[in-house]
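In: need the 3D shape of this:
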Amino acid sequence: MALMPIWLLWTVALGTASSTTICLPDEYLTSTGCQPLTTCQKNEFELLPATLSSDRVCQAHSPPCQAHEVEVSAPSAVADRTCMSLLGLPRPSEPLGDSKTNQRLARRDEAGDLLLTATPTLTATLTATATATPTPTPTNVLCPPGQYNRGGLCVLCTRCNSSQYLEEPCALFRDANCKPLTVCNSSQYTLVPATNTSDRRCANLVDQCLDVQPGVSWLGLAVEPRDGSGRLDSLLSSLSPGLGDELVIGSSAAQYNGSTWTGLAGLPSVFPNLLLLTSSAALPSNWCFAGIPLDNKPFAVQAGCNRLGYSLARPTALVNAFGGLQATEGDELIPPLNLGNPAIFFQGAWLSADLTTLQPGTGYILKLAQEPTTLIQWQRPSNITRRRRSQSTDPADVSTWLAPTALSNRPRMQLHLQLAGSTSFTTLSAWHGDTLLAVAQAQTGPEGDWFAFSLACHDGTRISLLAAQPDGSVDRVVEPLRCVPDTQMGHVFRPVQLHVAAHSVHHMVRRNELNTTTRQVPTTRYVMTIIAQAVANNDTTNIVNQAGSYLECFIDNRAAGRVELLNTTLGPRFIISCGTNDVNASNVTFSVFDTSSRQNHVIQQTAAFADCGSIGSMTIPLSLGYRFFQCNFTTEYEAPEGCTELRVCSPLQYELIAPTNFTDRVCDFLEVCDL
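Out: Numbering: from 1, shown residues only. Prediction:
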């Protein structure tokens, strides 16, 4: 198992079971999980250092030296103060040896008790009389600050240079002890800076891998460059951009011109900002780099849209993701479209159909109704214990570790697939059990539509595939697959041919399978939120209010979002994100799948698109009306005016585009060849 550089892996035996827990550098491991290390206060020093499984022990500094004492060494973060008693010392003109009381050196033990240790040998040395020899004779006076007594002479204490730290301070009869500072190598960073009295502590740089999707990716960095600048420049060497690719932070952008990035100097720091990466690549890829874990410090937000990058290394629950945020009614948290739909703050809690957890490496939009009065901070998640693979009932079970933005490299399998005999499927999703691994959109190639995946998986993982059509029907792919990491199946010019079991799933799918199509819309750059309810115009009592009903939105006839019905205290609501990459997009249209009729229905209304805008609220939702038709989709499709008979291609024509529940068949004339 590869070890995360910044985390400590420790296995703790709990009865007959065992688990692997990941602790951060400022945590230690107990039988109940990771606990934060104690931080010694300004009036304390570290008596015992921390270990992997024990906390550090702090002890209060001893009280200031008393009137009959002098301070030999000052207190520090790792040492107590040392005092020397003046009791029994002679006056400056009186020889030290004439004193009736031996000189005593005072120090304090670990409990803070004063200890007096007789030093008769030292007394005898200091009572020697002066001679006329060239060697200086001992004096009977205390040395001033900055000097120590060496053989009876006051000598300047050694001063540590800039590449050293003071391990032991200069004392009455001892010079300062300087030690060389540890130098972090190129694969390390400074975890704890050096001080005048403590060494520098180094830690290995942390690897972060981000999944870059074709089109737009919303990214949140968890590390920054080794120089601590917070800038992207030194992290881009591992990215494989294409001509015209773009990086956007806030209102600043940088473009790749085919050889270099232009405009990087204008990009602000990566923390706490969302990084938009537009990629021209046809396949997903990994962007991996090493850096310093970002300091989880408070940051400012404002009323309106705040584009933020989630910068912690672990997922955290939405309900306690923000520290210091006083959310108000109607505030929104918007994820990228491939991760679901917005969460709305309503009646004191975050409400969403599918957004429950913030994921590492991901960017979000926090939309606030009011100007905050305090800074906010990402709230560190509670301890996460991960199962060992040997504990899983399925040795290939990836549900315990798989995350699209895990902070490590995972072996990947490249797939180029084609569904034989059909061009009507728009989406193909890969699953392991109930875990969604990836979603691919249909792409047009020389041999027809095809789908590309880059799957992170273990050797032998069983993969099942679901194919979705524009009308929402879902069919299973007959052939199951097994993961073989670091391999490729098929290519653009010859994808692997698979077959679907016709109408094997259709609309009667489980909730998690329905979410396959919920996430079929790729991440887009521009997004808006709509809170709506749907009502049948010709049967006003037939409000869509059954579990499994879902709403779809379309921009320029392209699928722009999909969400399942959410029942609230105010009635059924659809909380949906609609996204596009066209900033000039104007109209949003809708369709609704009603489980009461088991049919999709066209919505008559349209809405105006506005980036980061909102339509409707929990109390006054957008009311979407539809006509209640019962079409025979074998021979008809549902048009705004009602059920309409499907076109039949003539013998001189062929079917160019297959019909859907809402669109007619498109026929085109066959080409006539010259004899």
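In: drop to CA atoms for contacts and neighbour counts, all remaining ones
Out: Fine.
In: pull the contacting residues for Phe289.
Out: For Phe289, the contact set (Cα atoms under 8 Å, 6 or more residues apart in numbering) comprises 207-209, 235, 238.
In: typo on my end, it should be Val477
Out: Contacts of Val477 by Cα under 8 Å, 6+ apart are 464-467, 498-501.
In: are any of those residues buried, and if so which?
Out: Buried residues within the contacts of Val477, counting neighbours by 16 or more other Cα atoms under 10 Å: 464-467, 499-500.
In: wait, a helix at Leu235?
Out: Yes. With DSSP: H, G, I helix; E, B strand; the rest coil as the criterion, Leu235 is part of a helix.
In: ignoring the adjacent residues along the chain, who's closest to it?
Out: Phe289 (6.1 Å; Cα to Cα, 6 or more residues apart in numbering).
In: okay, helices next: where are they in this protein?
Out: Counting by DSSP state H, the chain has helices at residues 120-126, 511-518.
In: so what touches stretch 623-638?
Out: With Cα under 8 Å, 6+ apart, stretch 623-638 has contacts from 532-539, 597, 599, 601-605, 640, 642-646, 659-664.
In: whoops, I mixed them up, stretch 179-198
Out: Counting by Cα under 8 Å, 6+ apart, 76-78, 163-168, 199-205, 226, 292 sit against stretch 179-198.
In: how about a cut-off of 10 Å?
Out: Outside of stretch 179-198, the residues within contact range by Cα atoms under 10 Å, 6 or more residues apart in numbering are 5-6, 25, 76-79, 160-169, 178, 199-206, 225-228, 290-293.
In: buried among those? Need that as a selection in PyMOL.
Out: Buried residues within those, by 16+ other Cα under 10 Å, are selected in PyMOL with:
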select buried, resi 6+76+77+78+79+160+164+165+166+167+169+178+199+200+201+202+203+204+205+206+225+226+290+291+292+293
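In: in strands only, show me the contacts of stretch 179-198.
Out: 164-168, 178, 201-204, 206, 290-293 (DSSP state E).
In: nearest to Thr260 among those residues?
Out: Ala290 (20.8 Å; Cα to Cα).
In: okay, now Gln41: neighbour count?
Out: 12 (other Cα atoms under 10 Å).
In: shouldn't it be in contact with Gln59?
Out: Yes. The criterion here is Cα atoms under 10 Å, and Gln41 meets it with Gln59 at 9.2 Å.
In: overlap of the contact sets of these two?
Out: By Cα under 10 Å, 6+ apart, no residue touches both Gln41 and Gln59.
In: show me what the residue nearest to Leu235 is bridged to.
Out: Gln208 (DSSP bridges).
In: any idea how far it is from Leu210?
Out: 9 Å (Cα to Cα, to the nearest Å).
In: mind pulling up the pLDDT for Ala2?
Out: We note a pLDDT of 42 for Ala2 in this prediction.
In: got it, and Thr127?
Out: 33.
In: burial of Lys297, as a residue count?
Out: Neighbours of Lys297 (other Cα under 10 Å): 11.
In: er, Gln66 I mean
Out: 12.
In: I figured Ser583 hits Arg525, correct?
Out: In this structure residue 583 is Val, not Ser. Yes. Assessed by Cα under 10 Å, Val583 is found in contact with Arg525 at 8.5 Å.
In: need the residues touching each of the two.
Out: Asp611.
In: and those two? which has more neighbours close in?
Out: Between Val583 and Arg525, Arg525 has the larger neighbour count (other Cα under 10 Å), namely 20 against 13.
In: identify the residues contacting the more buried one.
Out: Arg525 touches 215-218, 276-278, 336-337, 579-583, 611, counting by Cα under 10 Å, 6+ apart.
In: same question for Pro495.
Out: Contacts of Pro495 by Cα under 10 Å, 6+ apart are 415-419, 445, 447-452, 489.
In: just among those residues, which is most surrounded?
Out: Trp450 (29 neighbours).
In: give me the pLDDT for that residue.
Out: 83.
In: in the sheet, who's paired with it?
Out: Gln443.
In: now do the contacts for it.
Out: 416-420, 423, 425-428, 440-444, 491-497.
In: for Gly579, same thing?
Out: Gly579 touches 336-337, 521-529, 553-555, 558-561, 585, 588, 609-612, counting by Cα under 10 Å, 6+ apart.
In: of those residues, grab the buried ones for ChimeraX.
Out: Entered in ChimeraX, the line below selects the buried ones among these, by 16+ other Cα under 10 Å:
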select :336,337,521,522,523,524,525,526,527,528,529,553,554,555,559,560,561,585,588,609,610,611,612
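In: out of the contacts of Gly579, which sit inside strands?
Out: 526-529, 553-555, 558-561, 588.
In: leaving out sequence neighbours, find the closest residue to Gln164.
Out: Gln164's closest residue in space is Pro180 (Cα to Cα, 6+ apart), at 4.3 Å.
In: whoops, Asp449 was the one
Out: Gln443 (5.3 Å).
In: Leu274 and Pro342, how far apart?
Out: 16 Å.
In: neighbour count winner among these two?
Out: Using other Cα under 10 Å as the criterion, Leu274 and Pro342 rank with Pro342 on top: 30 against 26.
In: so who does the more buried one touch?
Out: 332-336, 350-356, 364-366, 528-531, 563, 575-577.
In: phi, psi for it please.
Out: phi -70, psi 160 (degrees, to the nearest 10).
In: now do it against Gln488, distance only.
Out: Pro342 is 36 Å from Gln488, by Cα to Cα.
In: and what of Pro480?
Out: 16 Å.
In: neighbour count: these two, which is higher?
Out: The neighbour count for Pro480 versus Gln488, taken as other Cα under 10 Å, is higher for Gln488 (14 against 11).
In: quick check: bridge partners of the more buried one?
Out: Gln414.
In: now do it, the pLDDT please.
Out: The per-residue pLDDT of Gln488 was computed as 81.
In: can you pull out the strands in the stretch 451-600 of the chain?
Out: In the stretch 451-600 of the chain, strands defined by DSSP state E, counting those that start in this stretch lie at 462-468, 474-477, 481-482, 487-489, 496-498, 500-506, 526-536, 550-555, 558-564, 566-568, 571-580, 587-594, 599-602, listed in chain order.
In: parallel or antiparallel, list what pairs with the shortest one.
Out: To tie it back to what came earlier, the one meant is strand 481-482. Short version: by DSSP bridges, strand 481-482 pairs with strand 462-468 (antiparallel).
In: next, name the residue at the spatial heart of this protein.
Out: Pro360 (1.8 Å; Cα atoms, centre = their mean).
In: for Val588, give its distance to Ile365.
Out: When Val588 is compared with Ile365 (using Cα to Cα), they lie 20 Å apart.
In: what does Gly613 give?
Out: 11 Å.
In: where do the contact lists of these two overlap?
Out: Joint contacts of Gly613 and Ile365 (Cα under 10 Å, 6+ apart) are 304-305, 527.
In: with pLDDT and distance to Cys184 added, can I get these in TSV?
Out: Output for the shared contacts of Gly613 and Ile365, formatted as TSV (pLDDT from 0 to 100; distance: Cα to Cα, whole Å):
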residue	pLDDT	distance to Cys184
Gly304	93	43
Cys305	94	40
Val527	93	44
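In: want to throw the residues you listed into JSON lines with distance to Asn567?
Out: Shown next, in JSON lines, are the shared contacts of Gly613 and Ile365 (distance: Cα to Cα, whole Å):
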{"residue": "Gly304", "distance to Asn567": "27"}
{"residue": "Cys305", "distance to Asn567": "26"}
{"residue": "Val527", "distance to Asn567": "24"}
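In: can I assume Val563 is in contact with Thr529?
Out: No. Val563 sits out of contact with Thr529 when judged by Cα under 10 Å, with a separation of 11.5 Å.
In: sweet, I'm off.
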